[in-house]
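> how would this look folded up:
(one chain, ligands or ions: 1)
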Amino acid sequence: MKKVIVFISSVIVLSSCHKEIPKKQSIDIDISGEMQQVNLQTLIQDPANQNNFISAVDSISKYGFGYKLVIPDSLKGKNLKVIYSGSFKETESATGELVLSVHEQNMNTLFWSTYPSNKVINEFGKWTDFKDSAMIFANKNPQSAMYLFLFNQKMTGKGLLYVDNLKLKIYKD
Ligand SMILES: [Ca+2]
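All right, here's what the predicted structure looks like:
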């Protein structure tokens, strides 16, 4: 279990890179106690590399590995740009997706967007990298916003969805 935690910590990236979004303020978030990993039970050892852990779900287990961020007050009421990247692998049907969402404390949904694996996958059983971004406008991120989630899921379809190297960066307008 220790290995899992160490590995996951190493893939969290909240950088202050200015190259990708000129003229916009990027942020460094103190992630201690604010961000946690979710659906750790879906992590398995990568058969190709026992030092690597990957998320594996099917349409029965549904919800795969991701992150849960307690949104700091400094980000509430702001436009946020979230950049996410990683690798997908599907075995029989490209029905998996990445979900980015914002919720209030009672889990009422304020924002929900998905990035389907079929945007990039054109061959089953092969790892395919993805990178994209989503804007969360201030009206979807009000003072009552509490959690930001980024996780993968496979709600329908045959086979398994694998996800590796899931990363996110958050920029404040
Ligand atoms: Ca991994």
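> going forward, measure contacts between C-alpha atoms and count neighbours the same way
Fine.
> residue boundaries of the helices in this protein?
Per DSSP state H, the chain carries helices over the ranges 2-11.
> Any regions of it where pLDDT drops low?
Where the chain drops to pLDDT under 70, the residues are 1-33.
> Show me what the residue most central in space within it is bridged to.
Nearest residue to the geometric centre of the chain (C-alpha atoms, centre = their mean): Leu150, 3.2 Å. Counting by DSSP bridges, Leu150 forms beta bridges with Tyr67, Leu100.
> Now Leu98. Nearest residue, chain neighbours left out?
Asn152 (4.3 Å; C-alpha to C-alpha, 6 or more residues apart in numbering).
> Sorry, wrong one. I was asking about Ile60.
Spatial nearest neighbour of Ile60, chain neighbours left out: Met155 (7.5 Å); criterion: C-alpha to C-alpha, 6+ apart.
> isn't the one you found right up against Gly96?
Yes: under the criterion of C-alpha atoms under 8 Å, Met155 makes contact with Gly96 at 7.1 Å.
> between those two, which one's more packed in?
Neighbour count, other C-alpha atoms under 10 Å: between Met155 and Gly96, Gly96 has more, with 30 against 16.
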